[in-house]
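Colleague: Show me the folded form of this:
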Amino acid sequence: MTDNAAFLVIGGDSLVGGSAIGALRKRGHTAYETTRRADTVTPSRLLLDFESETPFRAPAGIDYAFLIAAATNYDRCEKDPMARVINVELIPRTIASLLKQGLFVTYISTNSVFGGERPWPQEDDPHQPGIAYAQQKSDSEAVVRRAAERLNATDRLNIVRLTKIMNAGVSPLPAWFAAWEKGQPIEPFSDLTFAPMSVRFVGEALARIGEQRVPGNLHLSGAENVNYVDFAHKLANRLGVDASLIRPSTAVEKGINIPFKPTYSGLGMRRTTQLCGIPPQPLDDLIEDLIADYQAQRKA
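Modeller: The predicted structure is shown next:
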């Protein structure tokens, strides 16, 4: 990486995008971001509309882009044809344009492409998407790879798949914290499994990946597959909340349809750890990050 290179985060308004911007700047890098909101544009905050026919041109001096944007709502991906257009056509088109401009590109994808029935799928394992969103992301990965091959740019592309990302403001945590503050119980689901990571961990990991420029498939994951009941007990114990304020339930009991209910959510990180030096985030570390974020919010 050249010392004066700058980074571009496409999707700076997102949780992941904001964490990447913060981590890059904290590490001393110049970092620009994009937004769809014209009223928030600044010299370091650029307007980008995926639906525009005018190709997006990265400003001079930027030679690395993180593309952290997608139509992610599961219901929309099932019902709205435009979601597939965004995920499989428009976003890959933007990536191809950035590769043509000579940038290195990180494309953010999802653990859901593996379907959730195999424990710890590794970076180059075959996909088995189930829901529409997962199928669209799997298809978009393939389109992006073909574009990179066509442009002889495979050495300037990596695809980074993520598991669940959390801070103190991510559901269901605000409701849990509010209930516990009042001495009221919560009802976490035992039939919903995830492998969560903190916003801080993801931002710092992406910044390191950007510095190292390793092409190919990479993974970022929590170190444990855990259901929400066990996760709630871990969090409550760290906060000193009585375990009696956790009353296990299930999505089925509550009549809540959750489209993606993986048996296994975590991703294997063998290649990522070997090449980038980034291990999965331990669950206890995530809990500490959440507590710190929660306490900071209370003081604000």
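Colleague: Any stretches of the chain with poor pLDDT?
Modeller: Filtered on pLDDT under 70, the chain yields the residue ranges 1-4.
Colleague: And the helices in it, which stretches?
Modeller: Along the chain, the segments classed as helices by DSSP state H run 15-26, 74-79, 81-84, 91-100, 132-150, 173-181, 199-212, 228-239, 251-254, 270-276, 283-299.
Colleague: The ones you listed: which one's closest to residue 50?
Modeller: Nearest to residue 50 among the helices of the chain is helix 91-100 (6.1 Å), distances taken as Cβ to Cβ. Glycine gets a C-beta too; all of them are placed from N, C-alpha and C.
Colleague: and that closest one with helix 132-150, angle?
Modeller: 30 degrees (axes from the mean of the first three to the mean of the last three Cα atoms, to 10 degrees).
Colleague: How much space separates the nearest residue to residue 102 once chain neighbours are set aside from residue 101?
Modeller: Using Cβ to Cβ, 6 or more residues apart in numbering and skipping the chain neighbours, the partner closest in space to residue 102 is residue 63 (6.8 Å). Residue 63 sits 9 Å away from residue 101, going by Cβ to Cβ, to the nearest Å.
Colleague: check contacts around the nearest residue to residue 133 once chain neighbours are set aside.
Modeller: In this structure, residue 133 finds its nearest non-sequential neighbour in residue 77, 4.1 Å apart by Cβ to Cβ, 6+ apart. For residue 77, the contact set (Cβ atoms under 8 Å, 6 or more residues apart in numbering) comprises 71, 83, 84, 87, 131, 132, 133, 136.
Colleague: From these, list the buried ones, please.
Modeller: Buried subset of the contacts of residue 77 (neighbour count, 16 or more other Cβ atoms under 10 Å): 71, 83, 84, 87, 131, 132, 133, 136.
Colleague: what about the last one, distance to residue 223?
Modeller: Yep, that's residue 136 we're talking about. From residue 136 over to residue 223 the distance is 28 Å, taken as Cβ to Cβ.
Colleague: repeat for the third one
Modeller: When Cβ to Cβ is applied, the distance between residue 84 and residue 223 equals 33 Å.
Colleague: and if you look at residue 44?
Modeller: Using Cβ to Cβ, residue 44 is found at 35 Å from residue 223.
Colleague: Which one's more surrounded, the two?
Modeller: residue 223 (18 against 15; other Cβ atoms under 10 Å).
Colleague: Report the contact partners of that one.
Modeller: If a contact means Cβ under 8 Å, 6+ apart, then residue 223 has 195, 266, 279, 280, 281, 282, 283 as its contacts.
Colleague: What's the local residue count around residue 30?
Modeller: Residue 30 has 14 neighbouring residues, counting by other Cβ under 10 Å.
Colleague: need the buried ones among the contacts of residue 77 in TSV with distance to residue 160, can you?
Modeller: Formatted as TSV, those follow (distance: Cβ to Cβ, whole Å):
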residue	distance to residue 160
71	18
83	21
84	22
87	16
131	20
132	22
133	17
136	17
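Colleague: can I assume residue 19 is in contact with residue 202?
Modeller: Yes - contact criterion Cβ atoms under 8 Å: residue 19 and residue 202 qualify, at 5.5 Å.
Colleague: Mutual contacts of these two, please.
Modeller: Shared contacts of residue 19 and residue 202, defined by Cβ under 8 Å, 6+ apart, comprise residue 165.
Colleague: give me every residue that touches residue 99.
Modeller: So residue 99 contacts 105, 147, 148, 151, 153, 156, 157 (Cβ under 8 Å, 6+ apart).
Colleague: which among those residues end up buried?
Modeller: Neighbour-count burial (16+ other Cβ under 10 Å) applied to the contacts of residue 99 gives 105, 147, 148, 153, 156, 157.
Colleague: Any figure for the gap between the second one and residue 53?
Modeller: Read it as residue 147. Residue 147 is 18 Å from residue 53, by Cβ to Cβ.
Colleague: The third one too?
Modeller: Relative to residue 53, residue 148 is positioned 22 Å away (Cβ to Cβ).
Colleague: Nice, that's everything, thank you.
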